[in-house]
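Asks: fold the following for me, if possible:
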Amino acid sequence: MSAKTARTLGIIFLFLAVLCLIMALVSKPPVENRIAQTWSNGSCAGETGVADRIAAMERPSERATDPATGDTYLRYPKKLVIISGEGTPDCRITVEGLDRVNSGAFIWLGPGFVPSAPSNSSGGSSGSGGGVK
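Replies: Residues are numbered from 1 along each chain as shown. Sure thing, here's the model as predicted:
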């Protein structure tokens with residue numbers, strides 16, 4: 001390898017390293033880290049507007065409210081944030097993985113909170129005895 005080629009490669013790698021450093025400094029931490037920094041132990045006792053403040057930190061892909069309990073659910077790419085009892089002394093923020101969402105536990109929340117059916121699915125079982133619909 002000639003000195004000119006090595007110098008060119010060095011400049012390219014240096015540029016890429018600086019670019020990666022800038023991207024790392026500019027990128028935001030995950031929403032669950034920002035929630036933990038703002039509300040210790042997930043307690044938002046007596047606060048109002050908590051769901052709006054979390055949504056302002058990072059826009060959720062879906063948002064829904066349980067009409068029976070008033071709990072607010074914010075769906076992010078890898079997490080589900082649940083705000084329970086907002087405005088009361090029992091206000092809690094829970095962050096969990098999407099396992100329960102993907103298993104259908106929150107099917108009543110609507111389209112953004114249930115996994116979509118495969119495009120080739122007919123939406124039911126194939127019947128007994130291994131038959132085909």
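Asks: stretch 89-104: how far from the chain's middle?
Replies: How far stretch 89-104 lies from its chain's middle: 11 Å, per Cα atoms, centre = their mean, to the nearest Å.
Asks: list the contacts of that stretch.
Replies: Stretch 89-104 is contacted by residues 31-32, 35, 39, 42-47, 50, 54, 75, 78-85, 106, 113-115 when judged by Cβ atoms under 8 Å, 6 or more residues apart in numbering. No exception for glycine: its C-beta is placed from N, CA and C like everyone else's.
Asks: go with 7 Å
Replies: Here stretch 89-104 makes contact (Cβ atoms under 7 Å, 6 or more residues apart in numbering) with 32, 35, 39, 42-47, 50, 75, 78-85, 106, 113-115.
Asks: cool, stretch 46-57 as well?
Replies: Contacts to stretch 46-57, defined as Cβ under 7 Å, 6+ apart, come from residues 31, 34-35, 44, 63, 72, 74, 81, 83, 86-87, 89, 91, 93.
Asks: report the buried members of those.
Replies: 31, 35, 44, 63, 72, 74, 81, 83, 86, 91, 93 (16 or more other Cβ atoms under 10 Å).
Asks: redo the residues you listed as TSV? Include pLDDT and distance to Leu25.
Replies: Shown next, in TSV, are the buried ones among the contacts of stretch 46-57 (pLDDT from 0 to 100; distance: Cβ to Cβ, whole Å):
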residue	pLDDT	distance to Leu25
Val31	89	19
Ile35	92	21
Cys44	92	29
Arg63	92	29
Thr72	94	32
Leu74	94	26
Val81	94	25
Ile83	95	30
Glu86	92	33
Cys91	93	33
Ile93	95	27
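Asks: which of those fall in helices?
Replies: 31, 35 (DSSP state H).
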